[in-house]
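Q: Need the 3D shape of this:
(one chain, ligands or ions: 2)
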Amino acid sequence: MRLAPFLALFAALTVPAADRPNIVLLYADDIGWGDLGCYGAKVIPTPNLDRLASQGVRFTAGYCTSATCTPSRYSLLTGEYAWRRQGTGVLPGDARMIIRPGRPTMASSLAKLGYATAVVGKWHLGLGSGDVDWNRRISPSPNEIGFSYSFIMAATGDRVPTVYVEDGGVVGHDPKDPIEVNYKSPYPGEPNLKLDSERAKLKMDWSHGHNMALVNGVGRIGWMKGGKAAVWNDETMGDTFADKACAFIARSKDRPFLLYYASHENHVPRLPHPRYAGRTPLGPRGDAVVAFDDQVGRILMELDRHGLTDKTLVVVSSDNGPILDDGYKDQSTELNAKAGHEPAGPFRSGKYSILEGGTRVPFIARFPGRAPAGKVSDALVSQVDLPAAFMRLAGGDPAEFLKQDSVDSSAALLGGAGRDLLISSTQGGQLSIRDARWKYIPGTGKQGKAAWKSVAVQPGKVEDFKRDAAEQGKDRLFDLLADPSERNNVAAANSEVVARLKAALEAERAKGFNLPLGL
Ligand code: NG6
Ligand code: CA
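A: Ligands and ions are numbered 1, 2, ... in the order given. You can find the predicted model right below:
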C-alpha cells in the first residue's frame, strides 16, 4: 500500500479552515496587457489595479490559455487545455454546460476543503444538458460543479438570453411571460434586426453580426422571446455584479472563500454606466476599463472593511487579448488611433490571434505577507495553473490538476520562478509554445485568412494581419526578448531551437485528446 497519498490527504485536512487563505480571482473580459496604468496605459486611469500591483507581483509574461473566452475559462476552472477537446470554442447562449458535474474544478476542490465558493459575472461555459428551459431551475449550472453560489449571465452581453441566472433560476422570472431562446430563427412578432427597418432605432449600431434580437436598443446574437421583466440593464450590470460579489464576501467573512468574479468589462456591447462616459478619450471601450477598475476597487474595499486583506490572495487577469471593433460601432478603432493607445502594449495583434497580443494578458497576484510588494516578475505563468496553485496555497492537494495541464505555479504567484514552457492556443486550432526566450508557432501548411475585418485593429496594422495570414503556412520562431512584437521570423537560422520546441509541443499533443474525464 502506498502511504504518500493518504499522508498528503491527512495533512491537507488537518489545516484548520480558519487558517486557509481566501482567494479572490478577478477576471476581466477582452482587457489587454496595455490597458492598465501599471502596464503602461497613459489614457486609462486604473488606480485600484495599479495599487494592487504595487502591493503584489505584476507579471509581464502571464497568459490566458486561449485567445477567446470559452476555452480560456474552461482551462481556468478545470486545469485542462481546452484544445484537447472538441466543443470548447465560443459557445452560444443556449449551449449545454461543457464541464461535466463530478469533474474536479477549482471550485469543487476548494469546496472540499471547506471553502464557500462563488462565481459572479460572465459564465460562457454553457448551462443545462442541451435543451435548457429558462423557465425552470436550470441544471447543471455552476452550482453542480462546485460553486455554492452563482450569479451569472449565461454567455456574453451580446448573446441571448439577456437575463441574470442566480443559483440556477432566472432572476425576475415571470411565469406569465415565459422565456424562449433559440439561435436558428426569429420569433414572429418580435423585433428582428435582419429587417433593416429596425436598425435606425438602435442605441448602438452593429458593425458585423449582432443583427438578430433587439434588447435595450442593442442588437444581439440569437433570438429571444418573453422575460420582459427579467431582461438586464446593460448600464447597471457592473454595479449589479459588484454588489453581488461584495454581499458574498460579507456573508462568507468567517470562513475561507473563493470568489471568482468574472466582470463583463470590456466585452461588447460596451455600455458602461453613464457616469463613466468621457473618463477616457477612448469612448466606451476605455470607459469600460475604468468601470472594471472601479469594480476591483469596490471588492478590495470590501475585503478591507472586514479585515480580510491580509489573509486573502487576490489574482487579476483577463480571458483573452484586446480588441477594438468586435461587432458594434462604438468608435473604438478611431478613438484609439487618435489617442495613440496600444491595448496590447508592445505585442502584436489581439483577441483571436496566436500572436502575443492574443494571450499575453495582465496578470497580478497580491498576497500580503506571502508575496513581495511591488515586484515585477517575468516568470511564465498560465491561467491553466491556477487550480493547482490555489489548491497548494489553500493547504490542499493539487494532484488532480497536476495530472492534467496545471503546473503548480504557486511559487510564481509568491514572486518566485514559473513554468519552463507555456502553450497558447486559438480556437481555430493553432497552438504555440514558448520558453523564457523563444516562441515557436508550427506552420499550418497553408496560408491563413487575414481575419482583420472581424479583429479590430488600429489603422495601419491591417498590414500586420495580412502578413500574419501569409506566414501562417510556415514554421515561425520569434525571439521574444529581442523581438516582443514578433516581426522577425528567425526559424531558418535557429533550426535546433525549432526542433526542440516542436518536439516539446508534439509530446504535449501526444498526451491525448478527449481524455476520459469527458465533457
Ligand atoms: C464572436 C462575436 C464577438 C464576440 C465573440 C466572443 C460576432 C460577429 N462576433 O463571434 O462579438 O461575442 O464571438 O467573445 O458575432 S468572447 O470574448 O466571449 O470569446
Ligand atoms: Ca473575452
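Q: residues from the stretch 51-200 of the chain in reach of ligand 1?
A: Residues of the stretch 51-200 of the chain lying near ligand 1 by C-beta under 6 Å from any ligand atom: T68, C69, V90, H124, T156, D158. For glycine as for every other residue, the C-beta is placed from the backbone atoms N, C-alpha and C.
Q: Next up, the contacts around the residue in the stretch 351-500 of the chain positioned nearest to ligand 2.
A: Going by C-beta to the ion, ligand 2 is nearest to K351 of the stretch 351-500 of the chain, at 6.6 Å. Going by C-beta atoms under 8 Å, 6 or more residues apart in numbering, K351 touches D30, A67, T68, N320, G321, P322, I323, D326, G357, G358, V455.
Q: ok, now how distant is it from V498?
A: As judged by C-beta to C-beta, to the nearest Å, K351 and V498 stand 27 Å apart.
Q: Quick check: closest non-adjacent residue to V218.
A: Counting by C-beta to C-beta, 6 or more residues apart in numbering, P269 is the residue found nearest to V218 once chain neighbours are left out, at 4.9 Å.
Q: residues in contact with the one you found?
A: Shown in contact with P269 (C-beta under 8 Å, 6+ apart): G157, D158, M204, H210, V218, D234, Y328, D330.
Q: Next: Q430.
A: Listed by C-beta under 8 Å, 6+ apart, the contact partners of Q430 are I354, I441, T444, Q472.
Q: my read: the last one touches T444, true?
A: Yes. In this structure, Q472 sits in contact with T444. The criterion is C-beta atoms under 8 Å, and the distance is 5.1 Å.
Q: With neighbour numbers in mind, choose between those two.
A: The neighbour comparison of Q472 against T444 (other C-beta atoms under 10 Å) goes to Q472, with 21 against 16.
Q: Now that one: phi and psi?
A: Q472 adopts backbone torsions of phi -60, psi -20, taken as degrees, to the nearest 10.
Q: mind listing the strands for the stretch 251-400 of the chain?
A: According to DSSP state E, counting those that start in this stretch, the stretch 251-400 of the chain carries its strands in the segments 257-262, 312-318, 363-366, 375-377, 381-382.
Q: Out of the ones you listed, which gets nearest to A337?
A: Among these, strand 312-318 comes nearest to A337, with 21.9 Å by C-beta to C-beta.
Q: follow-up on the earlier one: roughly how far apart are the residue nearest to V218 and ligand 1?
A: With distances defined as C-beta to the nearest ligand atom, to the nearest Å, the gap from P269 to ligand 1 amounts to 9 Å.
Q: and what of G62?
A: Applying C-beta to the nearest ligand atom to G62 and ligand 1 gives a distance of 18 Å.
Q: The closest residue to T280 other than its chain neighbours: neighbouring residues, count only.
A: Spatial nearest neighbour of T280, excluding adjacent residues (C-beta to C-beta, 6+ apart): G286 at 3.1 Å. A total of 28 residues lie near G286 under the criterion other C-beta under 10 Å.
Q: okay but G286 is in contact with V43, surely?
A: Yes. Taking contacts as C-beta under 8 Å, G286 lies within contact range of V43: 6.7 Å.
Q: Show me whatever sits in contact with both of those two.
A: Residues touching both G286 and V43 (C-beta under 8 Å, 6+ apart) are T280, H341.
Q: Now the stretch 201-350 of the chain against ligand 1: closest residue?
A: Nearest to ligand 1 in the stretch 201-350 of the chain, going by C-beta to the nearest ligand atom, is G209, at a distance of 2.6 Å.
Q: How much space separates that residue from V90?
A: Shown here: G209 relative to V90, a distance of 12 Å by C-beta to C-beta.
Q: Show me which residues of the stretch 301-450 of the chain sit near ligand 1.
A: Residues of the stretch 301-450 of the chain lying near ligand 1 (C-beta under 6 Å from any ligand atom): N320, D326, G327.
Q: Excluding residues flanking it in the chain, which one is nearest the residue nearest in space to the middle of the chain?
A: With distances taken as C-alpha atoms, centre = their mean, the chain has D319 as the residue nearest its mean C-alpha position (2.2 Å). The shortest distance from D319 to any non-neighbouring residue, by C-beta to C-beta, 6+ apart, is to S72 (4.4 Å).
Q: do the same with A365
A: L413 (4.4 Å).
Q: List the contacts of the one you found.
A: Counting by C-beta under 8 Å, 6+ apart, the residues that L413 touches are V57, L313, V315, A365, F367, A371, V381, A389, L393.
Q: and if we set it to 7 Å?
A: V57, A365, F367, A371, A389 (C-beta atoms under 7 Å, 6 or more residues apart in numbering).
Q: Tell me how many other residues crowd the third one.
A: What it means is F367. Applying other C-beta under 10 Å, we find 24 other residues in the vicinity of F367.
Q: before we move on, what about the second one?
A: Other residues within reach of A365, judged by other C-beta under 10 Å, total 30.
Q: I'd guessed it sits against V315; true?
A: Yes. In terms of C-beta atoms under 7 Å, A365 counts as a neighbour of V315; the distance is 5.0 Å.
Q: Give me the distance between the closest residue to H208 other than its chain neighbours and Y149.
A: With sequence-adjacent residues excluded and distances taken as C-beta to C-beta, 6+ apart, H208 is closest to G327, at 5.2 Å. If you measure G327 against Y149 using C-beta to C-beta, the figure is 32 Å.
Q: Next: G358.
A: Following C-beta to C-beta, the distance that separates G358 from Y149 is 32 Å.
Q: related to what we said a few turns ago, so which of the residues of the stretch 51-200 of the chain next to ligand 1 reach ligand 2?
A: By C-beta under 5 Å from the ion, the members of these lying near ligand 2 are C69.
Q: Return the subset of the residues of the stretch 51-200 of the chain next to ligand 1 lying in helices.
A: Secondary structure defined by DSSP state H assigns C69 of these to helices.
Q: Please convert the residues of the stretch 51-200 of the chain next to ligand 1 to JSON lines, extending it with neighbour count and pLDDT.
A: As requested, these are exported to JSON lines (neighbours: other C-beta atoms under 10 Å; pLDDT from 0 to 100):
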{"residue": "T68", "neighbour count": "25", "pLDDT": "96"}
{"residue": "C69", "neighbour count": "27", "pLDDT": "97"}
{"residue": "V90", "neighbour count": "16", "pLDDT": "95"}
{"residue": "H124", "neighbour count": "28", "pLDDT": "98"}
{"residue": "T156", "neighbour count": "26", "pLDDT": "98"}
{"residue": "D158", "neighbour count": "25", "pLDDT": "98"}
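Q: Which of the residues of the stretch 51-200 of the chain next to ligand 1 sits closest to S424?
A: Taking C-beta to C-beta as the measure, T68 is the one of these closest to S424, at 11.5 Å.
Q: how about that closest one, what does it touch?
A: So T68 contacts V90, N320, K351, Y352, Q427 (C-beta under 7 Å, 6+ apart).
Q: so who does G128 touch?
A: The neighbourhood of G128, defined by C-beta under 7 Å, 6+ apart, consists of R96, M97, I138, S139, P140.
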